[in-house]
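Enquirer: Fold the following for me, if possible:
(2 chains)
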2 protein chains.
Amino acid sequence: MNGPVLALAGGVGGAKLALGLSHVLPPQQLVVIANTGDDDVFHGLNVSPDLDTLMYTLAGLANPATGWGVAGDTFGVLEMLKRYGADSWFGLGDRDLATHIERTRLLREGRTLSEVTHYLCGKLAVKPTLAPMSNDPVRTLVETDQGTLAFQDYFVKYRCEPSIRSVRFEGASQAHASPTFQQALNSAEAVVYCPSNPVVSIGPILALPGVREMLKAFRGPRIAVSPIVGEQALRGPAAKMLLELGEEVSCVGVARRLAGICDVLVVDRQDANRVADVRATGVDAVVLDTIMKTDADKKRLAQEVLQIVQRRLAA
Amino acid sequence: MNGPVLALAGGVGGAKLALGLSHVLPPQQLVVIANTGDDDVFHGLNVSPDLDTLMYTLAGLANPATGWGVAGDTFGVLEMLKRYGADSWFGLGDRDLATHIERTRLLREGRTLSEVTHYLCGKLAVKPTLAPMSNDPVRTLVETDQGTLAFQDYFVKYRCEPSIRSVRFEGASQAHASPTFQQALNSAEAVVYCPSNPVVSIGPILALPGVREMLKAFRGPRIAVSPIVGEQALRGPAAKMLLELGEEVSCVGVARRLAGICDVLVVDRQDANRVADVRATGVDAVVLDTIMKTDADKKRLAQEVLQIVQRRLAA
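Expert: Residues are numbered from 1 along each chain as shown, chains lettered A, B, ... in the order given. Next comes the predicted model:
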C-alpha cells in the first residue's frame, strides 16, 4: 500500500481494532480518526472520551478492566470534588484528569484539538496518527422520553435507560473535518470503519459536511467490522438505540447504515446466515471471528481486515 | 467583645495561630483574611496557596507533615502531567487540585474569589469566616539577582535561593480590599497580625489602597505575633528576605514594619532581651512562648493573645 489506512472509530470497541491495526501496520500507514460528538465539559475541563480511549489504548495505558481510563488510576480528585458538591457521576481518574487539565489549558491558549491531540500523543509515545474528526464543537444530543440529553448524560448519568426518539449532532453542519481527517480522506489507500456504535460514534463523523460524499467517492476499499453480533451490541447501547430508532438490530441494520460508503462488512461467524441479507443492501459481507478479547484477537482481526483490503486492491 | 477579631495571615505559620483562634473564639467572632499575593496559575488552574492553607487548616484537613496541602493526598495528576512535559515543581496533590479545579470553574463562571472561598469553606465545614484580602489580582514580584520572579517561582521553584533586591505587589494599587475585609476593618473589635512573613504575607495586605490607613485609624487593640524568633524565621524565607532588604532580622525588625498600625508585638521568650528595642519603635512588647508545635500550643497562644486584647479593651 502507498497511502495510509484511515480508521474511523468511537471508544472502547473501536479502539480494540485500532490497536490491532497499530500492531500490523507501520505507524505512518495508520490514521485513526476519533468521534468527538461525545466531548463534554466536566468541572470546567474539556473531556474527549473517545479520543482519550483511543489515545490511552494506543499508548498501552488503557485500563484493561474497563477499556477506558488509565490503568491503575486513582480517584483522589473526584473524591474531593464530591465534598465540594460537584457532580461525580462521570468517573474521572486522577491520571485521566491530567489529560483534561492539559488539554483545557492548551485549548484556552488557542491551540486546536488536533494540535493538542498531536502533542499529547507525542508525549505518550503513540506511534500512529490519532486525530479528532473535527476541531469544531459537535455535540451529540439524544432526544428521549425524558427530554433532550447530551450524550454523556444519556450514556453515563442515565445509563442509557431513557428511550430514545432521535439523535442529532448539534454544530455538525457548521463544523469542518479536521485537517488530518481531510488529508487522510484524500490520500488514504483504504477506509476501515471500526466496530463502533453506528449511531453515536460513526454517525457524528458522517454528519460532518462533505465527509459522506468523500467516503462515497472514495476509490480504495472501504471495510467495516460490524459492532452488532446476533442481536446484541458487543458493548454499549448500540442495540438498544437501533431498536428504539426503528432500525434492524443486526449486522444487516449496520450494513443499511453504511450502504453507499462501504464495500465490505465483516460479520461475525454467528451471523453467517445473514450474509445474503447484508449483500442485499449493496454491501458485500465477509464472515470472520470478530469478538476481540485478547490482544492476539485484535491483531488477528486487523490482519484479516487488511487481507480483505489487499485482495480488493489486487482485484 | 461585640465585633469579631480580624486576623491577617499568610500560609502555614499564620494558619497555626488562626487555628488556635478558631478554637477559642465563637465562629462569628473570627474573620481571617488571607494574603493572595502568592496566587498563581498552574496548569491553567487558579491556585491560592495561602487561602488554601488556611482553609485546609481550619477544616482540619491540612497535611500535618507540611502544613500545606491535604492530609493523605495522592499525586496521580501530577505524575501524569509530568508525562505531558508540564512543570511539576509545584507539588499539587490530587485532592488539592480538586480545590483549584472547582475554584477555576466558579471564577470562570463570574464568581468572585470571596464568593468561591465562602462556597468552598461551607462545603468543608470551615466555621469562622475566611476571605481573600482582595477579589482583584495582586501579584507579588520579587526582584532578584536572577531577574524578576513571581513569588511561587522564587519560593518553590528556586527555593528562595536568588538574592532579593526588592519586592513589589503588582496590581495592588488598583485592587480593592475584599468586601469581607472592608467590613471587618470597620466592625472588628481587634486586629491580630498572625506570625506570617512580614514582607510577602502581611506586605501585600498592607499594600491594598486604604488598608494601612484604616489599620492606622483602627480604634481597637492591634496585636501582632512576631514570625521572627531570635534571628530566624520560624519557617519560610522571612529572615533571608529581611536581611537582603537591609532590614534587621529580629522581632525589632518586625516591629519597625508594623509601627503605627500595631499596638503590641508578642515576642518569644528567647527575645525577652529585645523588649526595650521593640518599645523604642513605638510598639509595645509582650513576652510569650510563641512556638506552636501542637494544637494545644496554638490554642494557648491564641488565648494569651486574646487576653492581651481583653486587657487593652478594659484599660
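Enquirer: Run through the strands of chain A in chain order.
Expert: A:5-9, A:30-34, A:40-42, A:45-47, A:129-132, A:139-144, A:147-150, A:164-170, A:190-193, A:222-225, A:228-229, A:232-233, A:264-268, A:284-288 (DSSP state E).
Enquirer: out of the ones you listed, nearest to B:Gly10?
Expert: When the strands of chain A are compared by CB to CB, strand A:45-47 sits nearest B:Gly10, at 29.5 Å. C-beta: built from backbone N, CA, C; applies to glycine.
Enquirer: Quick one: mean pLDDT over the closest one.
Expert: What strand A:45-47 shows for mean pLDDT is 97.
Enquirer: which residues touch that strand?
Expert: A:Asp39, A:Asp40, A:Val41, A:Phe90, A:Leu92, A:Leu97, A:His100, A:Ile101, A:Arg103, A:Thr104, A:Leu107, B:Ile101 (CB atoms under 8 Å, 6 or more residues apart in numbering or on different chains).
Enquirer: What is the burial count for the closest residue to the fifth one other than its chain neighbours?
Expert: Read that as A:Leu92. Closest residue in space to A:Leu92, ignoring its immediate chain neighbours: A:Leu78 at 5.8 Å, by CB to CB, 6 or more residues apart in numbering or on different chains. A:Leu78 sits with 23 neighbouring residues when counted by other CB atoms under 10 Å in any protein chain shown.
Enquirer: wait, doesn't A:Leu78 sit right on A:Gly91?
Expert: Yes. At 6.9 Å, A:Leu78 and A:Gly91 qualify as touching, with contact defined as CB atoms under 8 Å.
Enquirer: Now for A:Gly11, how many residues are close by?
Expert: With other CB under 10 Å as criterion, A:Gly11 counts 27.
Enquirer: Tell me how far it lies from A:Ser201.
Expert: 7 Å (CB to CB, to the nearest Å).
Enquirer: In space, what's closest to A:Leu6 - neighbours in sequence excluded?
Expert: Nearest one to A:Leu6, counting by CB to CB, 6+ apart, is A:Ala188 at 3.8 Å.
Enquirer: just checking, that neighbour touches A:Asn2?
Expert: No. Judged on CB under 8 Å, A:Ala188 makes no contact with A:Asn2 at a distance of 9.8 Å.
Enquirer: In terms of neighbours, single out the busier of these two.
Expert: It is A:Ala188, of A:Ala188 and A:Asn2, that has more neighbours when counted by other CB under 10 Å, with 23 against 9.
Enquirer: re the thing from before, could you measure from the residue nearest to A:Leu92 over to A:Ala86?
Expert: In terms of CB to CB, A:Leu78 sits 8 Å off from A:Ala86.
Enquirer: Next one: A:Asn63 from chain B, what distance?
Expert: According to CB to the nearest CB, to the nearest Å, A:Asn63 and chain B sit 13 Å apart.
Enquirer: can you check A:Leu301 too?
Expert: Following CB to the nearest CB, the distance that separates A:Leu301 from chain B is 30 Å.
Enquirer: Which pLDDT value belongs to that residue?
Expert: 98.
Enquirer: Run a quick neighbour tally on A:Ala7.
Expert: A:Ala7: 32 neighbours (other CB under 10 Å).
Enquirer: isn't it right up against A:Ala18?
Expert: Yes. With contacts defined as CB under 8 Å, A:Ala7 counts as touching A:Ala18 at a distance of 5.5 Å.
Enquirer: Overlap in contacts, these two.
Expert: Common neighbours of A:Ala7 and A:Ala18 (CB under 8 Å, 6+ apart) are A:Leu30, A:Val32, A:Cys194.
Enquirer: Hmm, the second one is touching A:Thr53, no?
Expert: No. A:Val32 is not in contact with A:Thr53 according to CB under 8 Å; the separation is 11.0 Å.
Enquirer: Distance check, A:Asp39 against chain B.
Expert: 17 Å.
Enquirer: tell me, how many neighbours does the closest residue to that residue other than its chain neighbours end up with?
Expert: Leaving out its chain neighbours, the residue that sits closest to A:Asp39 by CB to CB, 6+ apart is A:Ser48, at 4.7 Å. A:Ser48 has 22 neighbours, counted by other CB under 10 Å.
Enquirer: can you check A:Ser166 too?
Expert: Neighbours of A:Ser166 using other CB under 10 Å come to 12.
Enquirer: who does it bridge with?
Expert: Taking DSSP bridges as the rule, A:Ser166 bridges to A:Glu143.
Enquirer: circling back: what about the strands of chain A, which gets the closest to B:Ala62?
Expert: Between these, strand A:45-47 lies closest to B:Ala62; by CB to CB that is 25.6 Å.
Enquirer: Now do the closest one: distance to the chain's middle.
Expert: Remark: strand A:45-47 is offset 18 Å from the chain centroid, using CA atoms, centre = their mean, to the nearest Å.
Enquirer: For the stretch 101-250 of chain A, which residue gets nearest to chain B?
Expert: Proximity of the stretch 101-250 of chain A to chain B (CB to the nearest CB) peaks at A:Arg105, 3.3 Å away.
Enquirer: my guess is that residue contacts B:Phe42, does it?
Expert: No. A:Arg105 lies out of contact with B:Phe42 (CB under 8 Å); the separation is 9.5 Å.
Enquirer: can you tell me which residues contact the residue of the stretch 101-250 of chain A closest to chain B?
Expert: B:His43, B:Gly44.
Enquirer: swap in A:Val192?
Expert: Counting by CB under 8 Å, 6+ apart, the residues that A:Val192 touches are A:Val5, A:Leu6, A:Ala7, A:Leu8, A:Leu17, A:Leu21, A:Ile223, A:Ala224, A:Val225, A:Val305, A:Val309.
Enquirer: ditto for A:Val31
Expert: A:Pro4, A:Val5, A:Leu6, A:Ala7, A:Pro128, A:Thr129, A:Ala131, A:Thr180, A:Phe181, A:Ala184, A:Ala188.
Enquirer: again with A:Leu6
Expert: A:Val31, A:Ile33, A:Ala184, A:Leu185, A:Ala188, A:Ala190, A:Val191, A:Val192.
Enquirer: And for A:Asn135?
Expert: A:Thr112, A:Leu113, A:Ser114, A:His176, A:Ser178, A:Pro179.
Enquirer: pLDDT added to the shared contacts of A:Ala7 and A:Ala18, as a markdown table?
Expert: As requested, those are exported to a markdown table (pLDDT from 0 to 100):
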| residue | pLDDT |
| --- | --- |
| A:Leu30 | 98 |
| A:Val32 | 98 |
| A:Cys194 | 98 |
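Enquirer: These: which ones sit near chain B?
Expert: Applying CB under 8 Å from any CB of the partner chain, the subset of the shared contacts of A:Ala7 and A:Ala18 adjacent to chain B is empty.
Enquirer: any chance of the residues you listed in TSV, plus neighbour count?
Expert: Listed next are those as TSV, based on neighbours: other CB atoms under 10 Å in any protein chain shown:
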residue	neighbour count
A:Leu30	25
A:Val32	32
A:Cys194	29
